[in-house]
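> predicted coordinates and the sequence they were generated for:
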Amino acid sequence: MNKIKAAGGVIVVAAVAAGVLLYQNGNTSTDNVADNKIKMNQPLTPSDADAITRGRYVAIAGDCVACHTAPGSKEAFSGGYSISTPFGGIFASNITPDAETGIGNWTEREFYRAVRHGKGKEGGNLYPAMPYNAYVKVSDRDMHDLWLYMRSVKPVNNKVPETNLPFPYNIRLAMMGWNLLFFKNEAFKPDLAKSAEWNRGAYLVEGLEHCAACHTPKNIIGGDTGAYLQGSNLGEWFAPEITSNTYTGIGDWSNDQVVQYLKLGSNHVAVASGPMAEAVTNSTQHLTDQDLQAIAVYLKSQPGSDNKKPAAVVLNDAQMKMGANVYEANCTACHNSDGKGIPNLAASLANNPAIMSVDASSILTTVMQGGRGAVTVGNPTSGAMPSFAWKLSDEQTAAVATYIRNSWGNAAPAVPTEDATHTRELLKMPSQIIVK
Ligand code: HEC
Ligand code: HEC
Ligand code: HEC
């Protein structure tokens, strides 16, 4: 908490020192290319139809619906979902063409400013929970198509609650400091030394798909570190490294295996669950195979971390022995004694890079709360895993995590019991039920 307060101080100081400068820079925005007269809720014309179709694809690639729709709501883009951040919950806005509670009164230029530069209608700063630091790379053409598509969605009257963060995060001006430190007002620049396919992958991953928002580790005030796509803790989950590293990354997956994961939600070893299941279900499964191949080419060209496989924890270690017993009694039915699971259904724990991640949060969360793989058009019957929180103690959960990280050729640091206790607290799961 002190760390967070100190970070707040840094933000405020940076804001005060450089606010004026940044304000001036903000006005030299390339968003001036967009029209500033026609309001969002004015009628469209039949000649807009093709652009609207393309814009729908842009909205899917940007996964706008994920944050801008409340869980369980049937009213797409009507807002109200609270995005939890280390600084508090931030409500995503109603971005339908409703004039009163949505953005029906906005012009195209105002829309560009919000999406690409994180500016509200009156010029104030949006919180970076809206991934404008990635969307800044979206091309003018995609932005225009997206704008026309958003104008075509159903207006929904839904007043979203105000975001109330504690001081100093309630001061939107403070975000100027964040922008100064982390926001690069730069359009996507193709790397001419690379293929068109690589550049398409780069454009999607760095921009619309905002993969770094989850997969790049953050510093204490929420900015991206330089460890690009090298894995990041999201609280209950860990978004693993997705670079060419062959130990903790996906360097050993073929391009087709990466495509399968993003299209079906599962491949020869892994099954997408939690936040990644949502990303696959809402967004990546709907991309063309060509775009998914491009993403694979780009990811596999990233240098990645220097994580190296350590020696495995030995089987006669006390924690490993406990883990082996827990595994034998509870897990073999689905994951098998060779750890290979059932392809595209129950994840393989052997030879699965995510199981050896530096951070075991996703393993602990999956074992405690159980899980369901992504449901996709290509794989509608995804497998489910039961919750073990009631059955296994924190000590047993950590032990089985250590065991699967160090069996069948896997090797990774042991998981301390405190980590399991911490995950149980985050998940608000009750303690193990002791059967007498
Ligand atoms: C990871 C979550 C997330 C995603 C994905 C996302 N947004 Fe947002 N967006 C937010 C949040 C949170 C806010 C409110 C920020 C604030 O209050 O400062 C917001 C605000 C906005 C606003 C400003 C609305 C207003 O009334 O000020 C617009 C416009 C917007 N988003 C459009 C989009 C579009 C278009 C996409 C897809 C290309 C998108 N957003 C994707 C989280 C997201
Ligand atoms: C909302 C957060 C979030 C976003 C956005 C996101 N991911 Fe993920 N990703 C995760 C999490 C969490 C996991 C781990 C899932 C699990 O354990 O089942 C994951 C897993 C993966 C994996 C499997 C890695 C492995 O070793 O098993 C790949 C590949 C991947 N993501 C690629 C991507 C790509 C490409 C993008 C952008 C198109 C993306 N992700 C966007 C959170 C996210
Ligand atoms: C009834 C079948 C079943 C049982 C029993 C079961 N699992 Fe699973 N497990 C699954 C399925 C299906 C998935 C994929 C869906 C998911 O990730 O939630 C999975 C996924 C996992 C994952 C995530 C892998 C990844 O790629 O993210 C881990 C870790 C895991 N199981 C560990 C265990 C452990 C440890 C046990 C025993 C305590 C166990 N499972 C028992 C079916 C099962």
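Ah, there it is. All values derive from a computational prediction rather than experimental measurement. Ligands and ions are numbered 1, 2, ... in the order given.

> please report how far the residue nearest to M130 when sequence neighbours are not counted lies from ligand 3.
Distances taken as Cβ to Cβ, 6 or more residues apart in numbering put G118 closest to M130, at 6.3 Å, once the chain neighbours are dropped. For glycine as for every other residue, the C-beta is placed from the backbone atoms N, C-alpha and C. Taking Cβ to the nearest ligand atom, to the nearest Å as the measure, G118 falls 32 Å from ligand 3.

> pretty sure G118 sits against A134.
No - counting by Cβ atoms under 8 Å, G118 sits too far from A134 to count as a contact (10.8 Å).

> which strand or helix spans N157?
Using DSSP states H and E, N157 falls within no helix or strand.

> my guess is it contacts G104. True?
No - under the criterion of Cβ under 8 Å, N157 is not in contact with G104, lying 10.0 Å apart.

> check the residue lying closest to G223 once chain neighbours are set aside and give its pLDDT.
Excluding the flanking residues, the one nearest G223 by Cβ to Cβ, 6+ apart is F182, at 3.7 Å. Note for F182: predicted pLDDT of 86.

> for K218, give me phi and psi.
Per-residue torsions, K218: phi -110, psi 160 (degrees, to the nearest 10).

> please name the residues that touch it.
Neighbour list for K218: D224, T225, S232 [criterion: Cβ atoms under 8 Å, 6 or more residues apart in numbering].

> weed out the non-buried ones from the residues you listed.
D224, S232 (16 or more other Cβ atoms under 10 Å).

> strands along the stretch 151-300 of the chain, start to end?
With DSSP state E, counting those that start in this stretch as the criterion, the stretch 151-300 of the chain has strands at 232-233, 238-239.

> give me whichever of those strands is most buried.
strand 238-239 (a mean of 24; mean count of other Cβ atoms under 10 Å).

> strand partners (parallel or antiparallel) of that strand?
The pairing partners recorded for strand 238-239 under DSSP bridges are strand 232-233 (antiparallel).

> out of the contacts of K218, flag the one nearest to N336.
For the contacts of K218, the residue nearest N336 by Cβ to Cβ is S232; the value is 30.4 Å.

> may I have the beta-bridge partners of that closest one?
A239.

> tell me if I'm right that it and E241 touch.
No - the pair S232 / E241 is not scored as a contact, 9.1 Å apart, by Cβ under 8 Å.

> find residues that contact each of those two.
H215.

> how many neighbours does S337 have?
11 (other Cβ atoms under 10 Å).

> quick one: which helix or strand includes the residue lying closest to it once chain neighbours are set aside?
Nearest residue to S337, sequence neighbours excluded (Cβ to Cβ, 6+ apart): E328, at 7.6 Å. Secondary structure from DSSP H and E places E328 in helix 318-330.

> so for the very next helix or strand once past that helix, what gets flagged as buried?
Once the chain leaves helix 318-330, the next helix or strand it forms, by DSSP H and E, is helix 332-335. Residues of helix 332-335 classed as buried by neighbour count (16+ other Cβ under 10 Å): H335.

> ok, residues contacting helix 332-335?
Y327, G341, I342, A346, A347, S348, L349, G383, M385.

> go again with 7 Å.
Defining contact as Cβ atoms under 7 Å, 6 or more residues apart in numbering, one finds that helix 332-335 is touched by G341, I342, A346, L349.

> can you check stretch 299-307 too?
Where contact means Cβ under 7 Å, 6+ apart, the residues beyond stretch 299-307 that reach it are 198, 205, 227-230, 241-245, 247-251, 255, 258, 358.

> ok, 6 Å please
L229, Q230, E241, I242, T243, S244, N245, Y247, T248, G249 (Cβ atoms under 6 Å, 6 or more residues apart in numbering).

> same thing with stretch 52-63?
Residues contacting stretch 52-63 (Cβ under 6 Å, 6+ apart): D142, D145, L146, L148, Y149, S152, L208, E209, N282, S283, H286.

> give me that answer again for 8 Å
With Cβ under 8 Å, 6+ apart as the test, stretch 52-63 has contacts from 44, 65, 135, 138, 142, 144-150, 152, 204, 208-210, 279, 282-283, 286-287, 291.

> sorry, back to before: quick check, nearest of the contacts of helix 332-335 to L165?
Nearest to L165 among the contacts of helix 332-335 is L349, at 39.4 Å by Cβ to Cβ.

> before we move on, the earlier item: in PyMOL, how would I select just the buried ones from the contacts of helix 332-335?
Command for PyMOL that selects the buried part of those, burial taken from 16+ other Cβ under 10 Å:
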select buried, resi 341+346+349
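
> could I get the contacts of helix 332-335 as TSV with secondary structure, distance to T417 and pLDDT?
Shown next, in TSV, are those (DSSP: H, G, I helix; E, B strand; the rest coil; distance: Cβ to Cβ, whole Å; pLDDT from 0 to 100):
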residue	secondary structure	distance to T417	pLDDT
G341	coil	26	94
I342	strand	30	88
A346	strand	26	89
L349	coil	20	97
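
> what about ligand 3: which of the contacts of helix 332-335 touch it?
The residues of the contacts of helix 332-335 that also fall near ligand 3, by Cβ under 6 Å from any ligand atom, are A346.

> what about stretch 77-92 and ligand 1, any contact?
Yes - shown here: stretch 77-92 in contact with ligand 1 (Cβ under 6 Å from any ligand atom) through I83, I90, A92.

> I figured Y169 hits P86, correct?
No - with contact defined as Cβ under 8 Å, Y169 does not reach P86; the gap is 9.9 Å.

> more neighbours, those two?
Y169 (25 against 14).

> quick check: phi and psi at the more buried one.
Per degrees, to the nearest 10, the backbone of Y169 is at phi -80, psi -10.

> G339 contacts W408, correct?
Yes - here G339 reaches W408: they are 4.2 Å apart, a contact under Cβ under 8 Å.

> now do the shared contacts for the two.
Common neighbours of G339 and W408 (Cβ under 8 Å, 6+ apart) are L349, A350.
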